[in-house]
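Asks: Provided below are the primary sequence and the corresponding predicted coordinates.
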Amino acid sequence: MNRPMLAGDRVYRIHWVLGTDRLRAVCHCAAEREFEDPVRLWEWLLAHPEGHDA
C-alpha cells in the first residue's frame, strides 16, 4: 500500500546514514546537515532559520 509523503511548512526528516552512527537532518527549508548526537540534531532543526543555508 502506497502512503502519501507528508509535506508542509513544518515537516522535518531524519535519515540514518547506512553503515555509520550518523543521522542526516533535513529541514522543511531543504537545508541538510549530519549529526552524531540526536539532541544536537533536534536543536539545529528547531532553531530554523539559524544555521540553515539551503
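Replies: On my side now, so go ahead.
Asks: Might you list the low-confidence residue ranges for this protein?
Replies: 1, 54 (pLDDT under 70).
Asks: just the strands in it please.
Replies: For the chain, applying DSSP state E gives strands covering 13-16, 23-26, 32-35.
Asks: and of those strands, who's closest to Met5?
Replies: Distance to Met5, taken as Cβ to Cβ, is lowest for strand 13-16 among the strands of the chain, at 9.4 Å. To be clear about C-beta, it is placed using only N, CA and C from the backbone, and glycine gets the same treatment.
Asks: Show me what the closest one is packed up against.
Replies: Using 3 or more Cβ pairs under 8 Å, 6 or more residues apart in numbering; DSSP states H and E, the elements in contact with strand 13-16 are strand 23-26.
Asks: quick one: strands adjacent to the strand it packs on?
Replies: Counting by DSSP bridges, the strands paired with strand 23-26 are strand 13-16 (antiparallel), strand 32-35 (antiparallel).
Asks: tell me the most buried of the ones you listed?
Replies: strand 32-35 (a mean of 15; mean count of other Cβ atoms under 10 Å).
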